[in-house]
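Colleague: Just the structure for this:
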Amino acid sequence: MAKTFRCDPDYPVVQTKAGKIRGFLYDDVFTFQGIRYGVAKRFQMPEPVEPWEGIKDALAYGYDCVWEGFPREMPAENIMLPNQCWPQSEHCQYLNVWTDTLDPNAKKAVMVFLHGGGYSVGSSINLEPYPGDGMAKNDDVVVVSLNHRLNVFGFLDVSEYGEEYKNSKDASLADMVLALEWVRDNIQNFGGDPNNVTIYGQSGGGGKVSALAQSPAADGLYHKAIIMSGVIHDKDPNDPSAATNAEFLDALFAELDLKRNEFERFLEVPDFVLIRAVRRAEAKLAETGKSFGWAPIPGDYYPGDLPHKGVSEYFKNIPVMIGSCFAEFQMDNGLREDPKYLELFADAYPTVPMKYAHLMDTFFRKNTLNYAKQRAKEADAPTFLYMFAQELTVFGGMMSGHGADLPYFWHHAEDCPAANIGPDTDKLEAIMAGAFTSFAKNGTPDTEGLPSWVPCTPEHVNSMLLSAEPELYTDREEAVMAYVDEHGEKRRFRDTPKYEEAVKWPY
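Modeller: Okay, the predicted model is just below:
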């Protein structure tokens, strides 16, 4: 069916703090893509863009950050979550806006999305369900998504090389904070309410939300938070298998045939050459039994995660939704034939088919439960917990894994073939999108099609099972989680890289 489109020299044009931008109107949604919210020199803190004269186009997405490892094979199972590639650069401070009105008095709830991919890969457009047009059109909210620095560009600590690099390990979070400042300063002209901003993210994006929640620099820039499959704890600084920052710098400089005192040359290495050297350095360290990963590092800018530092003072007054998917990474716990486990599983999840019991996630779920319990004890604002457990019809039947919830709340199930589950597809979209956007608007996820959603309390863990047949349940998961911890097979989340798999790039 044909859709209306309009993009004229003077319409739609919005005044931002730095200057005017031109977007387009498509299917009753105003869309602005590739708005530059900041600039930054390598490893330095970002700064707002300089003002400009005239009108700048916002008609195409901005650069993705350069990823740690480029895809070398065709994407697997693209029927689940179709993805797309885009030009990459370390200069990736761009955001996108979707809204159904440009009335500055509309004061619609604003939802700012942080993409997944851990802290190393991904972008705001990497997955087909990511565009915010469906939520803007159907749910009366303004949606913002953004790119920011990742991996070596966002988290490498080079503070030893000068005062201007003292926050190099915080560059990624600082990009996100600057984007939220842009939202505060500009979103009203896109129909949004700068005093009603929800930050939300899935997987690594959920981890970014929880990191911002602990970072004083983000205080006051958001008013609600949603953490989806994203409770990622800080790295253990005492882990003997983890390479130190100095060890990684030694390995990285060696891969570039540089000495550690040749920092000025290091700054000039092209970003795509640097990212390949990062991959080689990681692989070379792995050969010695050492691992090195990217994540927020505790310090002045980011004090540390909730389990170690407690709920930050600002975050105590912020309503939170938090949850995970039933099967996440489809890891087999080895308890298919264990009668005691199957009994505990049936008590915890009576509506989930028993054939999926061996795939019950503990990678995210245990941390998510603990996070919700700690917040309920320490915070004044409510904590709403959920579990997404929907059977899909792919591969003869499959329980929802990592990211399976994304197509539904975005109203993009039609773009993900495996997310289409017959007549229940529209029902599930309405439930999921309704809950998320109701929370953004009102601080409570109650919506049509759901039982009354009771938040967690210091005494009880209340959780909503989100599916086409939702239910609220209380205190049912702890026993089965503990049993898997004690008796289940331990599976690694990801294999360490091998040096020979990292392609050498001449430099």
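
Colleague: all contacts plus neighbour counts: C-alpha atoms, from now on.
Modeller: Noted.

Colleague: Let's verify the residue nearest the centre of the chain: helix, strand, or coil?
Modeller: Nearest to the mean C-alpha position of the chain, by CA atoms, centre = their mean, lies residue 205 at 1.3 Å. Using DSSP: H, G, I helix; E, B strand; the rest coil, the structure places residue 205 in helix.

Colleague: ditto for residue 251
Modeller: helix.

Colleague: Grab the nearest non-local neighbour of it.
Modeller: Residue nearest to residue 251 in three dimensions, not counting chain neighbours: residue 281, with 5.3 Å by CA to CA, 6 or more residues apart in numbering.

Colleague: shouldn't the one you found be in contact with residue 257?
Modeller: No: the criterion here is CA atoms under 8 Å, and residue 281 misses it with residue 257 at 11.9 Å.

Colleague: picking that back up, which residues does the residue nearest to the centre of the chain contact?
Modeller: 113, 114, 115, 116, 117, 118, 227, 228, 230 (CA atoms under 8 Å, 6 or more residues apart in numbering).

Colleague: is it true that the fourth one touches residue 204?
Modeller: Spelled out, it's residue 116. Yes: contact criterion CA under 8 Å: residue 116 and residue 204 qualify, at 4.4 Å.

Colleague: Do you know the pLDDT at the residue nearest to residue 251?
Modeller: Per-residue pLDDT puts residue 281 at 95.

Colleague: Can you get me a residue count around it?
Modeller: 25 (other CA atoms under 10 Å).

Colleague: next one: the one 3 residues further on
Modeller: When counting by other CA under 10 Å, one arrives at 22 neighbours for residue 284.

Colleague: Now do the buried residues in the longest helix anywhere in the chain.
Modeller: Across the chain, the helix with the greatest residue count (assigned by DSSP state H) is helix 424-442. Using 16 or more other CA atoms under 10 Å as the test for burial, helix 424-442 gives 425-426, 428-441.

Colleague: Follow the chain on from that helix and name the next helix or strand.
Modeller: Counting by DSSP states H and E, the next helix or strand C-terminal to helix 424-442 is strand 462-466.

Colleague: Could you check how far that following strand is from the centre of its chain?
Modeller: Between the centre of strand 462-466 and the centre of its chain there are 21 Å (CA atoms, centre = their mean, to the nearest Å).

Colleague: what's it packed up against?
Modeller: strand 383-388, strand 471-474 (3 or more CA pairs under 8 Å, 6 or more residues apart in numbering; DSSP states H and E).

Colleague: Contacts made by the longest one with the rest, please.
Modeller: Same thing as strand 383-388. By CA under 8 Å, 6+ apart, strand 383-388 touches 319-326, 372, 375-376, 400, 405, 445, 453-456, 462-467.

Colleague: Which strands and helices lie in contact with the helix or strand just after it?
Modeller: Downstream of strand 383-388, the next assigned helix or strand under DSSP H and E is strand 391-392. Strand 391-392 sits against strand 398-399, with contacts defined as 3+ CA pairs under 8 Å, 6+ apart.

Colleague: Name the strands paired with the strand it packs on and say parallel or antiparallel.
Modeller: Partner strands and pairing direction for strand 398-399 (DSSP bridges) are strand 391-392 (antiparallel).

Colleague: pLDDT on the partner strand, on average?
Modeller: Averaged across strand 391-392, pLDDT comes to 94.

Colleague: mind checking how far that strand is from the chain centre?
Modeller: The answer for strand 391-392 is 23 Å, by CA atoms, centre = their mean.

Colleague: same question, stretch 144-153
Modeller: On CA atoms, centre = their mean, the centre of stretch 144-153 falls 10 Å from that of its chain.

Colleague: Same check on stretch 177-190?
Modeller: For stretch 177-190, the distance to the chain centre is 19 Å (CA atoms, centre = their mean).

Colleague: And for stretch 297-307?
Modeller: With CA atoms, centre = their mean, you get 18 Å for stretch 297-307.

Colleague: Kindly report the same for stretch 363-379.
Modeller: Per CA atoms, centre = their mean, the centroid offset for stretch 363-379 relative to its chain is 18 Å.

Colleague: Alpha carbons of that stretch, as PDB, please.
Modeller: What follows is stretch 363-379, C-alpha atoms only, in PDB (Å, rounded to 0.1, in the frame of the first residue of the first chain):
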ATOM      1  CA  PHE A 363      23.200 -15.800  32.300                       C
ATOM      2  CA  PHE A 364      21.000 -12.700  32.500                       C
ATOM      3  CA  ARG A 365      18.000 -13.800  34.600                       C
ATOM      4  CA  LYS A 366      19.900 -14.400  37.900                       C
ATOM      5  CA  ASN A 367      21.600 -11.000  37.700                       C
ATOM      6  CA  THR A 368      18.300  -9.400  36.700                       C
ATOM      7  CA  LEU A 369      16.400 -10.900  39.700                       C
ATOM      8  CA  ASN A 370      19.200  -9.800  42.100                       C
ATOM      9  CA  TYR A 371      19.200  -6.300  40.600                       C
ATOM     10  CA  ALA A 372      15.400  -6.000  41.000                       C
ATOM     11  CA  LYS A 373      15.600  -7.200  44.600                       C
ATOM     12  CA  GLN A 374      18.300  -4.800  45.600                       C
ATOM     13  CA  ARG A 375      16.600  -1.900  44.000                       C
ATOM     14  CA  ALA A 376      13.300  -2.700  45.700                       C
ATOM     15  CA  LYS A 377      15.100  -2.600  49.000                       C
ATOM     16  CA  GLU A 378      17.200   0.600  48.400                       C
ATOM     17  CA  ALA A 379      15.100   2.700  46.000                       C
END
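
Colleague: Sounds good, over and out.
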